[in-house]
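1. Predicted model follows, preceded by the sequence.
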Amino acid sequence: MKPNRRNWLGQVGLILGGLSIEPVKNLAAPQLSGAVYFPENMPIWLSSNENPYGPSPTARKAMAESVNISNRYGWKLTSDLVNTIAEKNNLATDNILIDAGSTEILDLVVQLAALEKGNFILAEPTFNFWSARAEMLGLKKIAIPLTIDKKHNLPAMLQAITTDTKLVYVCNPNNPTGTICGREELLTFINEVTKRTLVLVDEAYIDFTNQPSLSNLVTENKNLIIAKTFSKIHGLAGGRIGYALAHNATIERMGQLQSWVNGGVSLVSCAGALASLKDDAFTNETKSLNEKVRQYTIENLEKHNINCIPSYTNFIYFSVENYKKDYFEQLKAHNIMGTGLYEKQGKWTRITIGTMAEMEKFINAVK
Ligand SMILES: Cc1ncc(COP(=O)(O)O)c(C=O)c1O
C-alpha cells in the first residue's frame, strides 16, 4: 500500500486502538542505573519529584510503537490527545493548550502577563522556575512568605495585590512544602482575585490528593488558568508534556504566543500521554503506593527528630534542625540525591518519595 496521509492516520489509530489497557499489578520501577544516558553508579534519585514507577506499561508500549512513525508529523495524535484531555475534564477542546511540559505552559502565562508592565505575586518558598523569566520580561516580584505551617498565606497574597498586579501564582499543592489550600478558601480567593487580575493555579501534584481539580471553573472565568503536567503521576517527566486549562479566549491568547499552536510536543510523547490518560489502573496504583511509602518515610524520619510537614504530594518537606547528624553528609555517604535547603532558618529540605526499597535505603542513611 502506498503511504498517504489517510492510511498513515489509520495506522496511528491501529497502534493506539490495539493497546489493551490491562490492570497494573505490582508496579515495577524501570531500571535506571546503567541504562543508556544514565551513569553506572547512579545515585538513588530523590530530588525531582518524578514517578519512580512510570511511565505506565501502556504508555511505554504506545511510545515504543509510535517511534516507527516518527518520520511524520503527529497532527492526528495531537488532536486525539487534546480531545481526550477535554473529555476527561468535561471541557471543550478550545479550553486546552498543550506544550512541552508545564514549564512551557507557565512560561506562556508569564509572557501573557508581561505584555503589560506591573508586578506578580507568588508564595515563598514555592515552585519558582518561571519567576526569573517574569522578572526578565519586566515584571516586579512580590513574594509572600508561607504561614508558620508552610501553607499559602492567601489573605496576605490578596492584600498584596495592587492595580499593577498582572499575575498571581498559586501552586496547589505547593512544591516544596507538600501543603494544600483548603478548597473553600481557595475558591473564595480565586473569585476575589480574578475580578482584578490573572490567577495561575499550578496543579502539578493535584492527582496525588483527593481534592478535585478547579478545571470546571475555567469556562466562566477568563482570568483563571490551570497548569497540569504529565511529569508527575503519569511518570512522563522525560517525555516533556503538559497542558493548560482555561477559558477559550485565554487559550486563544496563549496560543498566539506559541509559534505552532499545540505543535511543541513530539508524536512519541503524545502517544505516551494519550495511553497514560486511559490507564487509570496505573495512576491509581501510583497514588496508593505513594501514600503507603510516604507514611512509612514520615514515621521513620520523625523517629530521628526530623519534623515533617504533612504532605499531600509525592515529596516531603522537613526540618533537619534537630537532627543529630549532618543530614547532607549522610545522603552523600549513601549515594542518595536529595535537595539542598529551601529555608535556612529551621533548615528545611525536601525529599521525593521513591519506591519502598529506595526509601528503606534513605531511612537507613539517616539512621
Ligand atoms: C509545581 C510544579 N509545576 C511545574 C513543574 C514543571 O513540570 P514539567 O516537567 O511539566 O515542566 C514542576 C516540576 O517539578 C513542579 O513541581
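-> Looks like it came in fine. Residues are numbered from 1 along each chain as shown.
2. Quickly find the element holding I225.
-> Assigned by DSSP states H and E, I225 belongs to strand 224-229.
3. Checking N290 next. Helix, strand or coil?
-> The three-state assignment at N290 reads helix, by DSSP: H, G, I helix; E, B strand; the rest coil.
4. hmm, back to that, what's the average pLDDT for the strand holding I225?
-> Averaged across strand 224-229, pLDDT comes to 98.
5. Flag the helix or strand of the chain with the lowest per-element mean pLDDT.
-> helix 5-17 (a mean of 39; mean pLDDT, DSSP states H and E).
6. List the neighbouring strands of the helix or strand just after it plus their orientation.
-> The helix or strand immediately downstream of helix 5-17 is strand 44-45, counting by DSSP H and E. When pairing is defined by DSSP bridges, strand 44-45 lines up against strand 336-337 (parallel).
7. what mean pLDDT would you report for the next helix or strand after the strand it pairs with?
-> The first helix or strand that comes after strand 336-337 along the chain, using DSSP H and E, is strand 341-343. What strand 341-343 shows for mean pLDDT is 98.
8. which of the residues in strand 341-343 are buried?
-> By neighbour count on 16 or more other CB atoms under 10 Å, the buried set for strand 341-343 is 342-343. Any C-beta I mention is one placed from the backbone N, CA and C, and that applies to glycine too.
9. Let me know whether it sits next to the ligand.
-> No. Judged by CB under 6 Å from any ligand atom, strand 341-343 and the ligand are separated, with a smallest distance of 12.5 Å.
10. Can you spell out which helices and strands pack onto that strand?
-> strand 348-352 (3 or more CB pairs under 8 Å, 6 or more residues apart in numbering; DSSP states H and E).
11. Write out the residues of the stretch 201-350 of the chain neighbouring the ligand.
-> 202, 204, 229, 231, 237, 242.
12. Who are the packing partners of the helix or strand hosting K61?
-> Using DSSP H and E, K61 sits in helix 57-67. Taking 3+ CB pairs under 8 Å, 6+ apart as contact, the helices and strands that helix 57-67 lies on are helix 5-17, helix 267-277, helix 280-302.
13. Nearest to P155, out of the ones you listed?
-> Among the helices and strands packed on helix 57-67, helix 280-302 comes nearest to P155, with 28.4 Å by CB to CB.
14. Give me the contact list for the next helix or strand after the closest one.
-> Counting by DSSP H and E, the next helix or strand C-terminal to helix 280-302 is strand 307-308. Contacts of strand 307-308 with the rest of the structure, by CB atoms under 8 Å, 6 or more residues apart in numbering, involve 298, 301-302, 316-319, 321-322.
15. Now, of those residues, which are buried?
-> Buried subset of these (neighbour count, 16+ other CB under 10 Å): 298, 301, 316-319.
16. I figured N335 was touching W45, is that so?
-> No. Assessed by CB atoms under 8 Å, N335 is found out of contact with W45, at 10.2 Å.
17. Comparing the two, which shows the higher neighbour count?
-> Between N335 and W45, W45 has the larger neighbour count (other CB atoms under 10 Å), namely 17 against 12.
18. pLDDT wise, what is the spatially most central residue of the chain at?
-> With distances taken as CA atoms, centre = their mean, the residue of the chain nearest its centroid is A204 (2.8 Å). Note on A204: pLDDT of 98.
19. Please work out how many residues are found near E329.
-> 10.
20. Could you do the one 3 residues further on as well?
-> When counting by other CB under 10 Å, one arrives at 14 neighbours for K332.
21. For the helix or strand hosting it, buried residues please.
-> Assigned by DSSP H and E, K332 falls within helix 327-333. Neighbour counts over helix 327-333 (16+ other CB under 10 Å) mark 327, 330-331 as buried.
22. For stretch 128-147, measure first residue to last.
-> 18 Å (CA to CA, to the nearest Å).
23. quick one: is it near the ligand?
-> No. Stretch 128-147 is not in contact with the ligand by CB under 6 Å from any ligand atom; minimum separation 6.8 Å.
24. Could I get the buried residue list for that stretch?
-> 128, 130-131, 134, 139, 142, 144, 146.
25. quick one: which of these sit in strands?
-> Per DSSP state E, strands hold the following members of the buried residues of stretch 128-147: 139, 142, 144.
26. Do I have it right that the second one meets F120?
-> Think I142. Yes. In this structure I142 lies within contact range of F120 using CB under 8 Å: 7.0 Å.
27. what do the two both touch?
-> T165.
28. low pLDDT regions in the stretch 1-150 of the chain?
-> Applying pLDDT under 70 to the stretch 1-150 of the chain flags the ranges 1-26, 32-36.
29. Can you pull up the residues of it that come close to the ligand?
-> Residues of the stretch 1-150 of the chain lying near the ligand (CB under 6 Å from any ligand atom): 49, 101-103, 127.
30. and if we set it to 5 Å?
-> 101-103, 127 (CB under 5 Å from any ligand atom).
31. what number of residues lie near the nearest residue to A333 once chain neighbours are set aside?
-> Excluding the flanking residues, the one nearest A333 by CB to CB, 6 or more residues apart in numbering is A365, at 7.2 Å. Burial of A365, expressed as a neighbour count using other CB under 10 Å, amounts to 19.
32. try E299
-> Residues lying near E299 (other CB under 10 Å) number 11.
33. Can you give me the distance of it to the ligand?
-> 25 Å (CB to the nearest ligand atom, to the nearest Å).
34. Could you do V268 as well?
-> 16 Å.
35. Make sure that residue is actually in contact with I69.
-> No. Distance between V268 and I69: 9.2 Å, which falls outside the contact criterion (CB under 8 Å).
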